[in-house]
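Q: pasting a predicted model and its sequence here:
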Amino acid sequence: MLWLSCIRSKCQPARQFFAGSAPRSLPRDENLAPRQPVAGRFSLSHIISILFLAVALAGNASAETSPLLMPRYVNFCGETLDTYEYDIRERLEVRYYAYMRDKTQMLLWMKRTKRYFPIIEQEFKRRGLPEDLKYMAVVESSLIPRSYSSKGAVGLWQFIRDTGRRYGLTVRRRYDERRDPYRATISAAKYLQFLHDKFGSWYLAMAAYNIGEKRIEREVKEQGTDIFFEMVFPRETDEYIINALIVKHLMENPKLYGFELEEFEYFKPYEFTRVKIVVPKGKVPVAVIARASNATPRQIKNLNPQIIGNFLFKGTYFIRIPPAGEAGFKQRYAKNLQEYKKNNSFVKVVKRRANLRNGPGTDYKSVKTVKGGTKLKFVSVSDNLYLKKPWYEVEMKDRSFWVWSGLVTFLD
């Protein structure tokens, strides 16, 4: 068998590595999980890995093209790095072998590239940024817009709240543009350009993106050099740059690792058009937008991952909808919204008891919930300073009540 002969004649290092008989001098890295099995025992994942390597090496197993070795020279952001310098190769290979053990993740990265890389490439080209920076998004989030970290970083570019807001992103409890791949990419491009202008190196700019610009300033001053690979950083930051170099190599050489995807196997880019939606007060369900655009709520949420939950609250939004739903959208939206308000809006009517100035918690009690559209006769408006919004006195069946103005929007 071809693959077996390849393993025997050309893939002895692979057999040693995947069988657990790697050189004793190679330090154990906690990220290399699971623990290596006893030599001679092959798990299913080991067999699959060996088959991948066998196919890749069959007929061409030179050191220059072996999937067990990183190339000596790596070009990233226009800078050529000799991996034989310092301890760079050792740092690269520790992470490289870890990635090789997770081919399922590599496959998913490649499948997502057709959906998200064009967004990044277009914006970076417009701003004159190196295209290689797109691999940062793979390292940051595995190209998953809804991803989040334990440190509060969110989205394709893993912005924390304050940095996202500083670079123009809306971050609210129910609407977070850090999850929007288009808006977040624009902000990431601005931030990376700022960091490069500040430090003069793309490696330091990437490190600052990961650990913060102030930390980089301090490290450069204390260590007396601004060459990234000569400096000492926390493990997470050091591996962050290394991972970007490895991801570029892996994704630019898929055949070397047994991946050869047909066009239909990639995840398709989303097609959409934008519509403006104004919510003056209250909330609008995503379901209403979906019906107005002849789509499903899932389609709307996939096109707009920045929407958290099932409602849009007060504000102005530019929402993506399928192109087929653009014609007649405004008319359908107005009709569906009116129907929703009629069937789902309620007014809580509270009875006046005593002094208005002590607030509704003390002086009012709920006596009835009225469905939207019920006609109420307005008598007067309270200017109570203790209430954030005016309350309306209304008459129903010969009795006076007070109604919060925000809840009577849909009344006649």
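A: Yes, it's here.
Q: going along the chain, name the strands of the protein.
A: With DSSP state E, the ranges of strands along the chain come out as 73-76, 79-82, 273-285, 311-321, 346-352, 364-371, 377-381, 391-396, 399-404.
Q: show me what counts as buried in the first one.
A: By neighbour count, with 16 or more other C-beta atoms under 10 Å as the criterion, the buried positions of strand 73-76 are 74, 76. In this view, the C-beta of every residue, glycine as well, is placed from N, C-alpha and C.
Q: which neighbours does it have in its sheet, and in what orientation?
A: Strand 73-76 has these partner strands in its sheet, going by DSSP bridges: strand 79-82 (antiparallel).
Q: now the strand it pairs with: buried residues?
A: So strand 79-82, judged by 16+ other C-beta under 10 Å, has buried residues Leu81.
Q: mind giving me the domain ranges of this protein?
A: Using automatic domain parsing, the domain ranges for the chain come out as 1-69, 103-265, 273-344, 346-407.
Q: which stretch in these has the least confidence?
A: With a mean of 43, domain 346-407 has the lowest mean pLDDT of the domains of the chain.
Q: ok, how many other residues are close to Pro254?
A: A total of 16 residues lie near Pro254 under the criterion other C-beta atoms under 10 Å.
Q: could you do Ile300 as well?
A: Ile300 has 24 neighbouring residues, counting by other C-beta under 10 Å.
Q: repeat for Ala295
A: 18.
Q: how near is it to Lys330?
A: As judged by C-beta to C-beta, to the nearest Å, Ala295 and Lys330 stand 15 Å apart.
Q: Lys125 too?
A: Going from Lys125 to Lys330 by C-beta to C-beta gives 34 Å.
Q: now do the contacts for the nearest residue to His196 once chain neighbours are set aside.
A: Closest residue to His196 apart from its sequence neighbours, by C-beta to C-beta, 6 or more residues apart in numbering: Ala205 at 4.3 Å. Taking C-beta atoms under 8 Å, 6 or more residues apart in numbering, we find Ala205 in contact with 192, 195-196, 198-199.
Q: and these as JSON lines, adding neighbour count and distance to Arg95?
A: Formatted as JSON lines, these follow (neighbours: other C-beta atoms under 10 Å; distance: C-beta to C-beta, whole Å):
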{"residue": "Leu192", "neighbour count": "22", "distance to Arg95": "22"}
{"residue": "Leu195", "neighbour count": "20", "distance to Arg95": "23"}
{"residue": "His196", "neighbour count": "20", "distance to Arg95": "24"}
{"residue": "Lys198", "neighbour count": "14", "distance to Arg95": "27"}
{"residue": "Phe199", "neighbour count": "20", "distance to Arg95": "23"}
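Q: closest to Lys283 out of the residues you listed?
A: For the contacts of Ala205, the closest approach to Lys283 (C-beta to C-beta) belongs to Leu192, at 35.8 Å.
Q: residue contacts, Phe124?
A: 130-131, 133-134, 189 are the contacts of Phe124 under C-beta under 8 Å, 6+ apart.
Q: go again with 10 Å.
A: Residues in contact with Phe124 (C-beta atoms under 10 Å, 6 or more residues apart in numbering) are 130-134, 185, 188-189, 192-193.
Q: so how far is Glu219 from it?
A: From Phe124 over to Glu219 the distance is 26 Å, taken as C-beta to C-beta.
Q: please apply the same query to Met206.
A: 14 Å.
Q: who's more crowded, those two?
A: The residue with more neighbours, out of Met206 and Glu219, is Met206; 25 against 21, by other C-beta under 10 Å.
Q: ok, that one touching Ala244?
A: Yes - using C-beta atoms under 10 Å, Met206 is in contact with Ala244, at 6.6 Å.
Q: overlap in contacts of those two?
A: Residues touching both Met206 and Ala244 by C-beta under 10 Å, 6+ apart: 76-77, 133, 135-136, 139.
Q: and these, which two are the farthest apart?
A: Pairwise distances across the shared contacts of Met206 and Ala244 peak at 14.1 Å for Cys77 and Val139 (criterion: C-beta to C-beta).
Q: and stretch 229-242, C-alpha only, in CSV?
A: Extracted in CSV, the C-alpha atoms of stretch 229-242 (Å, rounded to 0.1, in the frame of the first residue of the first chain):
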residue,chain,number,x,y,z
PHE,A,229,12.2,38.4,18.6
GLU,A,230,15.0,39.8,20.9
MET,A,231,12.5,40.7,23.6
VAL,A,232,10.9,38.8,26.4
PHE,A,233,7.1,38.9,26.7
PRO,A,234,4.5,37.0,28.6
ARG,A,235,3.9,33.6,27.1
GLU,A,236,0.4,34.6,25.7
THR,A,237,1.9,37.5,23.8
ASP,A,238,4.9,35.6,22.5
GLU,A,239,2.7,32.8,21.3
TYR,A,240,0.3,35.3,19.7
ILE,A,241,2.8,36.4,17.1
ILE,A,242,4.2,32.9,16.7
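Q: that concludes my questions; thank you for your assistance.
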